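Asker: predicted model follows, preceded by the sequence.
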Amino acid sequence: MKALVVFCVVVSCLASAQLVRPDKMRLGVYNPDTKHYEKQTLGQDGHDQQPHRPALLGQDGHDQQPHEQALLGGDGHDQRPHEQALLGGDNHDLRPHGQPLLGQDGHDQRPHGKILGQDGHDQQPHKQKSHKHNKHKARKVLGGDNHDRRAHKKLFGQGNHDYKKHVKVFGGDDHDMGHMGMFKSFMKQHNKSYKNKAEFKKRFKIFHQNMKKVHILQQNERGTAKYGPTKFADLTEREFRKMLGFQPHMKPATSSMEPAVIPEDLEAPVSFDWRKHGVVTPVKNQGMCGSCWAFSTTGNVEGQWAIKHKQLYSLSEQELVDCDATDDGCNGGLPENAYEAIAKLGGLELEDDYPYDGEDEQCHFNRSLAKVTVNGSVELPADEVAMAKWLTQNGPISIGINANALQFYVGGVSHPLKFLCNPESLDHGMLIVGYGVHTTKYLHRKQPFWIVKNSWGDDWGEQGYYRVYRGDGTCGVDQMATSAIVP
């Protein structure tokens, strides 16, 4: 009986224990370190966030106790729906709306009737498809570089240019240098105009053929020269050759020229430029007259006189065109003959006194107005090292050269292959005023060059000058080098 009573007491106690479990008694959670039941705190930021009747506020001003309503936002702030208050620190209304939130920047971007965004695009939700550039009319021009970039069936090229398909692509790069757009750009750049539609078509055809020559020159260029549509790009070869008046066949059978004396032990500097010494006049323009020989001659005499007499004059080419009986005016001549003609005439007048008009006219030389005279000339050897030495000591050198590369020369050191610039076929008179050495940007190759003054205006080449490779007789630069001797 006693055992039964003990059993009942134990069972009763266990039953009582089941009815008064700690979690039912709200004693909290058992802590094995303290061996006590502890009430659970709320929050992870150290604030006393247990449920209170009056709201507890932390140090950040927010009531973070559990609420029946869902917490809003992802930043731990109590963003319960309110009737009027605006939440957030950026003055935006972040309350839940019936409409969906748009965008990824936390702004209330509900659909509006107006356009959203700052880049000019319509970013509101549409039923229609998104804005595309190829949904415009065919005549709409796109892009900011003045090129027609409207949608085509096929685009060509590697840039933003409209390289619509042509029969062939010309030039030394990826540009189509022979199409109508290039021709119109050429006309605009050089102020070209044609009398009628037939002339326009003719010149375009010539231009197109010339760009093939440009391509060949550029593909075979050994220097750094660039070739392109210069102001002569709409001229036929025959028209262009009217400006090439150097005539080697006019060389007299017995020459009165003396051989130039060049000391063997003379050391020439690495570079030299007579323009820096005030003995070279500004670039002139012979026009469509084959008087290059006269300009080469006057340039040489101007330099010789300035070096010896310390006075630079701009001398008259027209006097030589009109009065040199040995040469043939606009049909060509030779500096060698012109030196002798100046001596016979009694000198050269100034450009201002006997101005140039680029046509063959009657001689009206006035000896009393002559400013300079010549009493002989010298011929330099076909040796570019010797030429450089003589130039540094004596002045600019008159030369003959093959002009095949000149019609389309834009700039750089010109070094065409011999089959493109025959050194034995000289047809243009020019003036060497100096020399130097160019080092290429990437491979650091040395390219020695001559600085050559031309007579086609300063809107040709490098402000009227031509740099041609020095050292291997390129284009015959060393074949007929001469100079006047002034008293």
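Answerer: All right, it came through fine.
Asker: residues contacting I397?
Answerer: Shown in contact with I397 (CB atoms under 8 Å, 6 or more residues apart in numbering): 300, 380, 387, 390-391, 431-432, 481-483. Any C-beta I mention is one placed from the backbone N, CA and C, and that applies to glycine too.
Asker: quick check: bridge partners of it?
Answerer: Beta-bridge pairing for I397 (DSSP bridges): I432.
Asker: give me the domain ranges for the protein.
Answerer: Following automatic domain parsing, one gets these domains for the chain: 180-219, 239-484.
Asker: how about the ones you listed, which one is nearest K226?
Answerer: domain 239-484 (4.4 Å; CB to CB).
Asker: what about the closest one, how long is it end to end?
Answerer: One end of domain 239-484 to the other measures 31 Å (CA to CA, to the nearest Å).
Asker: follow-up on the earlier one: tabulate the domains of the chain (CSV), appending mean pLDDT.
Answerer: Output for those, formatted as CSV (pLDDT from 0 to 100):
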stretch, mean pLDDT
domain 180-219, 95
domain 239-484, 96
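Asker: which one of those lies closest to P32?
Answerer: Nearest of these (CB to CB): domain 239-484, 76.2 Å.
Asker: now do the strands in the stretch 251-400 of the chain.
Answerer: 258-259, 272-273, 377-379, 397-401 (DSSP state E, counting those that start in this stretch).
Asker: the nearest residue to G299 once chain neighbours are set aside - how many residues pack around it?
Answerer: Counting by CB to CB, 6 or more residues apart in numbering, the nearest residue to G299 once its immediate chain neighbours are dropped is L431, at 4.0 Å. By the criterion of other CB atoms under 10 Å, L431 has 26 neighbours.
Asker: my read: L431 touches N300, true?
Answerer: Yes. Between L431 and N300 there is a contact at 6.2 Å, judged by CB atoms under 8 Å.
Asker: list the contacts for S255?
Answerer: Contacts of S255 (CB under 8 Å, 6+ apart): 336, 379.
Asker: which residues in this structure form helices?
Answerer: Using DSSP state H, the helices of the chain run over residues 2-19, 180-189, 197-219, 237-240, 292-309, 317-323, 335-345, 384-394.
Asker: want to throw the ones you listed into TSV with mean neighbour count?
Answerer: TSV is the format used below for the helices of the chain (neighbours: other CB atoms under 10 Å):
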stretch	mean neighbour count
helix 2-19	9
helix 180-189	16
helix 197-219	17
helix 237-240	12
helix 292-309	26
helix 317-323	26
helix 335-345	23
helix 384-394	20
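Asker: who wins for proximity to W274 among the ones you listed?
Answerer: Comparing the helices of the chain by CB to CB, helix 292-309 comes nearest, at 6.2 Å.
Asker: pipe the strands of the stretch 251-400 of the chain into JSON lines and attach distance to L235 per row.
Answerer: Shown next, in JSON lines, are the strands of the stretch 251-400 of the chain (distance: least, CB to CB, whole Å):
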{"stretch": "strand 258-259", "distance to L235": "39"}
{"stretch": "strand 272-273", "distance to L235": "31"}
{"stretch": "strand 377-379", "distance to L235": "33"}
{"stretch": "strand 397-401", "distance to L235": "19"}
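Asker: okay, the ones you listed, which one's buried deepest?
Answerer: strand 397-401 (a mean of 29; mean count of other CB atoms under 10 Å).
Asker: would you mind writing the CA trace of that strand as PDB?
Answerer: This file holds the C-alpha atoms of strand 397-401, laid out as PDB (Å, rounded to 0.1, in the frame of the first residue of the first chain):
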ATOM      1  CA  ILE A 397      70.200  73.900-104.800                       C
ATOM      2  CA  SER A 398      68.200  73.900-108.000                       C
ATOM      3  CA  ILE A 399      67.200  70.400-109.000                       C
ATOM      4  CA  GLY A 400      65.200  68.400-111.500                       C
ATOM      5  CA  ILE A 401      63.000  65.600-110.200                       C
END
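Asker: about what we covered before: how about the helices of the chain in JSON lines, adding distance to P487?
Answerer: Compiled in JSON lines, the helices of the chain are given as follows (distance: least, CB to CB, whole Å):
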{"stretch": "helix 2-19", "distance to P487": "138"}
{"stretch": "helix 180-189", "distance to P487": "46"}
{"stretch": "helix 197-219", "distance to P487": "44"}
{"stretch": "helix 237-240", "distance to P487": "38"}
{"stretch": "helix 292-309", "distance to P487": "8"}
{"stretch": "helix 317-323", "distance to P487": "19"}
{"stretch": "helix 335-345", "distance to P487": "10"}
{"stretch": "helix 384-394", "distance to P487": "15"}
